[in-house]
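Novice: Sequence unavailable; structure follows:
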């Protein structure tokens, strides 16, 4: 089949579907199947091969009404995580981000390059759109808006971003201070380090994870501690990510299921940054007096104490439980703990392998981080930094962010250099 004939057939199929949609009619399953199969015959794969490899998936999607084909789309930033968790067969697909700003439209499919075709699908249960390359088993996310009639992807930044950015730059970002170190360079080095160790679904998560590592070196500036949560399927690198953070975090401890008795002691006597791998689900001991999740919930707010009796008949002991926490696992956690977490989505990426980090590389990063801590503590900057974080939080709340989310994200945005803000705030 020549390329011209192929385009004609595809345009013909797409036109039929479009006319029905414009008239308010729903195309039949057979019509949609025909359009999809025609596309993949044009994409260089025989109809028999396509049916053998992907026919059952297409049939399942259509039969269960998981797929409709649409024209005007906007993809939410958490779409991939929802797809991975709730549509099991896509867990073996490789996720990627579209890096071009224009596609050639062929009916309700899109052509990128000479032989690569994407199907634009709307996943009804999740209210989100993706491009699926069935042939190469890739799912492409999209952050831009498709303008009707143009099929052109345009970056659209919310109007509040510029206003918030200006407010933050007036005072409440870390590089407004005399740090006595090259902070932007240190931040970039840690971002590069994290990228060399783990594959995250969202580029912005590398920035927030870097800010979280830096925050561990200045816990005194916090009254409310943000948590990180890695929620992903087996083999996606959750433990590797915990190890990567633990290498650089201040007073970090990587643990599997810390006990109820150990958490207050670790926090009160050692100021431990706690990284929990494969945390247990709440239902195992929800009714017991020694519920670990109660302590983990309490760790988020400074001044909350664990009180216990001593051997003295009149004696009591109060232990501070406050501290930064990272929770990893593929099982659910209590909702009131999850509400205190910033969730980082992860997925196994074919071909990605963590780079081996030398001891010297880690030592150099730790040296720079220790200088930052000395500056914050010995130069009397704690109260000033706390005030700056509060102003950051107030700016976010006034822009419409939920107050609890602002509690979590404000310290991380505060520690992110200003040149990243326009990228981070829309996310």
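Specialist: Received it, and whenever you're ready, just let me know what you need. Note that the structure is a prediction, hence the values are computed from the model and not measured. Numbering: from 1, shown residues only.
Novice: gap between residue 217 and residue 187?
Specialist: Remark: distance between residue 217 and residue 187 (Cβ to Cβ, to the nearest Å) = 13 Å. All C-beta spots, glycine's among them, are computed from the backbone N, C-alpha and C.
Novice: and what of residue 325?
Specialist: Going from residue 325 to residue 187 by Cβ to Cβ gives 22 Å.
Novice: Residue 420 now?
Specialist: Using Cβ to Cβ, residue 420 is found at 8 Å from residue 187.
Novice: Show me how the record splits the protein into domains.
Specialist: The record's domain split for the chain, according to automatic domain parsing, is 3-154, 159-424.
Novice: And these, which one averages the lowest pLDDT?
Specialist: Mean pLDDT is lowest for domain 3-154 among the domains of the chain, at a mean of 50.
Novice: Which parts of the stretch 301-427 of the chain are helices?
Specialist: In the stretch 301-427 of the chain, the segments counted as helices under DSSP state H, counting those that start in this stretch are 335-338, 359-378, 382-398, 403-414, 421-424.
Novice: right, so of these, which gets closest to residue 224?
Specialist: Residue 224 lies closest to helix 403-414 among those, at 4.6 Å (Cβ to Cβ).
Novice: buried residues in the closest one?
Specialist: Buried residues in helix 403-414, counted by 16 or more other Cβ atoms under 10 Å: 406-414.
Novice: Now render those residues as a markdown table, adding distance to residue 370.
Specialist: As requested, the buried residues of helix 403-414 are arranged in a markdown table below (distance: Cβ to Cβ, whole Å):
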| residue | distance to residue 370 |
| --- | --- |
| 406 | 29 |
| 407 | 27 |
| 408 | 26 |
| 409 | 26 |
| 410 | 24 |
| 411 | 19 |
| 412 | 21 |
| 413 | 23 |
| 414 | 20 |
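Novice: which among those residues gets closest to residue 310?
Specialist: residue 407 (33.8 Å).
Novice: Surely that closest one and residue 224 touch.
Specialist: Yes: counting by Cβ atoms under 8 Å, residue 407 touches residue 224, with 4.6 Å between them.
Novice: Tell me the buried residues in stretch 295-315?
Specialist: Neighbour counts using 16+ other Cβ under 10 Å place 295-300, 306 of stretch 295-315 among the buried residues.
Novice: Stretch 412-421 too?
Specialist: Buried positions in stretch 412-421, judged by neighbour count with 16+ other Cβ under 10 Å: 412-417, 420-421.
Novice: cool, and stretch 250-268?
Specialist: Residues 250, 252, 254-255, 258, 260, 263-264, 266-268 are the ones in stretch 250-268 that count as buried (16+ other Cβ under 10 Å).
Novice: same deal with stretch 210-224?
Specialist: By 16+ other Cβ under 10 Å, the buried positions in stretch 210-224 come out as 210-222, 224.
Novice: mind checking the end-to-end distance for that stretch?
Specialist: Terminal residues of stretch 210-224 lie 18 Å apart, using Cα to Cα, to the nearest Å.
Novice: quick one: contacts of it?
Specialist: If you take Cβ atoms under 8 Å, 6 or more residues apart in numbering as the criterion, stretch 210-224 is touched by 186-187, 190-191, 194, 225-226, 228, 245, 248-252, 271, 273, 300-303, 323-324, 326, 369-370, 372-373, 376-377, 382, 385-386, 389, 407, 411-416.
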